[in-house]
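# from the sequence below, what's the structure:
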Amino acid sequence: MDFNNKVILITGASTGIGKAIAEKLLGVNCNLVLTARRQEMIEEYVNQSQNKANIPLILKNDVSKKEDAAEAYKKIIEKFGRIDIAILNAGVGFHVKVEEYNSIFADQTFGTNLLGVVYWVEQLLPEFIKRKGGIIAGVSSLADNRGYGGFYSSSKAALTNYLEGLSVELKNHGVKVITVRPGFVDTPINSKNNYKMPFMINAEKAAEIILAGIEKEKRLIQFPRQMVWITKLIGALPGSLYELLASKKVK
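Okay, here's the model as predicted:
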């Protein structure tokens, strides 16, 4: 598929992968919609860009709030009349020790990483189904395959499972659902990690891979290849062995 003349939504477009995807699409003849809680950060890099083939619609949007998705969708339809591709990328992650356990971090993590996608899908589906077309690309993570600790990996596991089921349900309606599973990408979220992150790639490379996969309408986009195989190996470990190895890291 071609991005030209398409209406493309990107959530979480202020930093990281979302920003990198947006910067690449600024040079494409499309109608771009960029959303984030920190709208001013989007405005800053858009204004500085020397590679603009389009002037994007920039909206403030906290994806964890259902009413925010509804209001943003209304503004998009008023301006463009439709959305063709939704790249639902917004995500958060927190490092919380068990000694500091607090469910507020679960509210924020699941609210953004899972419900933030669910709320946008709720807005998109009626028109997509009516039109028998549209692409939903949800950004999950290779961290979805085991309980790596905290709420992040469990929220991404739920998201991957949700997107897979949604893909099956929408197949006969002509709506394409794409699951994106990145490994370690050099983004503000990962900059807080205090452990080794093998085969890390920059956000620009991640954006190239994701956009190439969406163009090909791939069901699953996962990268880098080395981390895909490593996570498959980890996923195949017996529970007792995984817990033994993981407990050494926790110590």
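# make it CA atoms for all contacts and neighbour counts henceforth
Will do.
# ok, residue 221 - contacts?
By C-alpha atoms under 8 Å, 6 or more residues apart in numbering, the residues touching residue 221 are 178-182, 209-210, 213.
# shouldn't it be within a strand?
Yes. Residue 221 sits within a strand when classified using DSSP: H, G, I helix; E, B strand; the rest coil.
# what is it paired to in the beta sheet?
residue 180 (DSSP bridges).
# now do the same for it: its pLDDT.
According to the per-residue confidence, residue 221 scores 98 in pLDDT.
# how far away is it from residue 206?
Note on residue 221: its distance to residue 206, by C-alpha to C-alpha, to the nearest Å, is 10 Å.
# joint contacts of these two?
residue 182.
# list of residues touching stretch 224-234?
By C-alpha under 8 Å, 6+ apart, the residues outside stretch 224-234 that reach it are 142-143, 145-146, 182-183, 198-199, 201, 222, 242.
# before we move on, back to that, dump the contacts of residue 221 to TSV, plus pLDDT, neighbour count and distance to residue 106.
Below are the contacts of residue 221 laid out as TSV (pLDDT from 0 to 100; neighbours: other C-alpha atoms under 10 Å; distance: C-alpha to C-alpha, whole Å):
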residue	pLDDT	neighbour count	distance to residue 106
178	98	25	25
179	98	25	22
180	98	27	22
181	98	22	21
182	97	24	22
209	98	19	30
210	98	27	27
213	98	18	31
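# show the model's pLDDT score for residue 248.
66.
# could you do residue 191 as well?
69.
# how about the contacts made by residue 13?
19, 22, 34-36, 42, 89-90.
# specify which member of those residues is nearest to residue 109.
Lowest distance from residue 109 to those (C-alpha to C-alpha) belongs to residue 90, with 10.6 Å.
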